[in-house]
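J.: Fold the following.
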Amino acid sequence: MRIAAVVVVLGLYSGALHAQTNPYVISNNIGKVERPPGSKLGTLEIDQWVGQKFILLPRPASIKKYGYLAFKPVLPYEHWVGRILTVTGITRDSVPVVHFTTDDGAKLMAAADANSVEGIAPLRDLDYARTRWLERSLWLREAELAVYDEEADELGTIYVGAGAHVTVKNIVAGWYNFEPIRFILKADDGREGFLDVQLSGTNGRAVFGDLKPKAFDDYFSEVEPTRTPTQNPVADTVVSRPTPTEMFIPPLPMPDAVRGFHLVAEFEVDAEGHATLTYFTPTKDRRYNLKLEEALKTIHFRPGTTATGSPVKAKAQIVYDF
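T.: This next block holds a predicted model:
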């Protein structure tokens, strides 16, 4: 039996040598398998959060005063923004409750509506993005970068052209849990802007169901395109923001819970004036939020224009005080 085994091994060894010298047989490894940038992370469902660290996200100026509404009691913004929380447990109920602890031992809890906690993001996604893309070159799949004036609380865009090369100058926390990774980008002409993306999908449900978060591949390519942009970045800069064609009137009757509420709604408006609602600040009344979402989706816009008067895709914002 031992002799037979030796013969088998020698036969296999001889076959391997023959394969190495056979021009018709090559290694099974051919090229490199391309995987989506966030694929190594994977989505962590809520039951897998225990032990994970989350960061409390910054906010646009207009909604800082509301703090972090998912937490009970509500956390004041200025004291808690940027703090790191560790998940210690999940209580299953009609709305799951996530339990956290801070580095100094404080215990917190937050409601996870539809298994997502509004206002926080997984720290591992942010660390992964910074390790992979900081100071790297990327090429844009869309033509615009977002810009923001915090003092005026004004969101705008600059036109750099689809296919344009940008350098990742920084990666920081974004505003919303469904697009929590903010890429701060510098175009070749020196202008700067940002784009927010979702990587793993962990805690990534939009506040309202059909608002689809942008993934890395929606905005970026890691490979230089064969066609270079031909647009003039000065002539094509958005100088006139999209404007609503009629005054926004919220759904009536308004419940008492929304009186005094400050609404901020954000849209992407194409060159023909077709608008997509991308985000709005939720009120404390969940049923009214659904009506508010439907009303916002019916708003029509005049498209933004460039310095040459050409209509162009741009971001728009509506603010309303109840």
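J.: Do you have the helices of the stretch 101-250 of the chain handy? List them.
T.: 123-133, 216-219 (DSSP state H, counting those that start in this stretch).
J.: Next, count neighbours for the closest residue to residue 321 other than its chain neighbours.
T.: Spatial nearest neighbour of residue 321, excluding adjacent residues (Cβ to Cβ, 6 or more residues apart in numbering): residue 262 at 5.5 Å. (Each C-beta comes from the backbone N, C-alpha and C, glycine too.) Residue 262: 14 surrounding residues under other Cβ atoms under 10 Å.
J.: mind checking how far residue 262 is from residue 65?
T.: Distance, residue 262 to residue 65, by Cβ to Cβ, to the nearest Å: 8 Å.
J.: same thing with residue 23?
T.: Where residue 65 is concerned, residue 23 sits at a distance of 73 Å (Cβ to Cβ).
J.: what does residue 191 give?
T.: 31 Å.
J.: Which residue of these two possesses the greater neighbour count?
T.: residue 191 (17 against 11).
J.: What separation do you get for that one and residue 161?
T.: Residue 191 is 12 Å from residue 161, by Cβ to Cβ.
J.: next one: residue 201
T.: 29 Å.
J.: burial count for residue 245?
T.: 10.
J.: Could you do the one 10 residues further on as well?
T.: When neighbours are counted by other Cβ under 10 Å, residue 255 registers 14.
J.: contacting residues for it?
T.: 285, 288 (Cβ atoms under 8 Å, 6 or more residues apart in numbering).
J.: what separates it from residue 243, distance-wise?
T.: For residue 255 relative to residue 243 (Cβ to Cβ), the value is 29 Å.
J.: Please apply the same query to residue 147.
T.: Distance from residue 147 to residue 243, by Cβ to Cβ: 18 Å.
J.: Kindly report the same for residue 258.
T.: 25 Å.
J.: Could you check which of those two is surrounded by more residues?
T.: residue 258 (17 against 13).
J.: The closest residue to that one other than its chain neighbours: neighbouring residues, count only.
T.: Once flanking residues are discounted, residue 258 sits nearest to residue 283: 4.5 Å by Cβ to Cβ, 6+ apart. By other Cβ under 10 Å, the residues close to residue 283 number 21.
J.: just residue 68 next, same as before
T.: 22.
J.: That one: what's it in contact with?
T.: 56, 74-75, 77, 80, 110, 118-120.
J.: Mind doing that once more with 7 Å?
T.: Shown in contact with residue 68 (Cβ atoms under 7 Å, 6 or more residues apart in numbering): 56, 74-75, 80, 119.
J.: any chance of those residues in a markdown table, with distance to residue 305 too?
T.: Formatted as a markdown table, the contacts of residue 68 follow (distance: Cβ to Cβ, whole Å):
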| residue | distance to residue 305 |
| --- | --- |
| 56 | 38 |
| 74 | 41 |
| 75 | 41 |
| 80 | 41 |
| 119 | 35 |
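J.: So which of those is surrounded by the most neighbours?
T.: Neighbour max across the contacts of residue 68 (other Cβ under 10 Å) = residue 119, 27 neighbours.
J.: I figured residue 101 hits residue 87, correct?
T.: No. With contact defined as Cβ atoms under 7 Å, residue 101 does not reach residue 87; the gap is 8.4 Å.
J.: More neighbours: those two, which one.
T.: A count of neighbours by other Cβ under 10 Å puts residue 87 above the other of residue 101 and residue 87, at 22 against 14.
J.: excluding its backbone neighbours, what's nearest the more buried one?
T.: Here the residue nearest residue 87, using Cβ to Cβ, 6+ apart, is residue 49, at 4.4 Å.
J.: got the contact list for the one you found?
T.: 87, 90, 98.
J.: Same question for residue 270.
T.: So residue 270 contacts 303, 313 (Cβ under 7 Å, 6+ apart).
J.: how much space between it and residue 250?
T.: From residue 270 to residue 250 the distance is 25 Å (Cβ to Cβ).
J.: Please apply the same query to residue 178.
T.: 23 Å.
J.: Quickly note the distance from the nearest residue to residue 77 once chain neighbours are set aside to residue 262.
T.: Nearest residue to residue 77 in three dimensions, chain neighbours excluded: residue 64, at 4.4 Å (Cβ to Cβ, 6+ apart). Between residue 64 and residue 262 the computed distance is 11 Å (Cβ to Cβ).
J.: Quick one: neighbours of residue 25, just the number.
T.: Neighbours around residue 25, by other Cβ under 10 Å: 10.
J.: returning to what we had before: comparing the helices of the stretch 101-250 of the chain, which gets the lowest mean pLDDT score?
T.: For the helices of the stretch 101-250 of the chain, mean pLDDT drops lowest on helix 216-219, to a mean of 90.
J.: For that one, what is the distance to the chain centroid?
T.: With Cα atoms, centre = their mean, to the nearest Å as the basis, helix 216-219 stands 10 Å off its chain's centre.
J.: contacting residues for the residue nearest to residue 321?
T.: Residue 262 neighbours (Cβ under 7 Å, 6+ apart): 62-63, 321.
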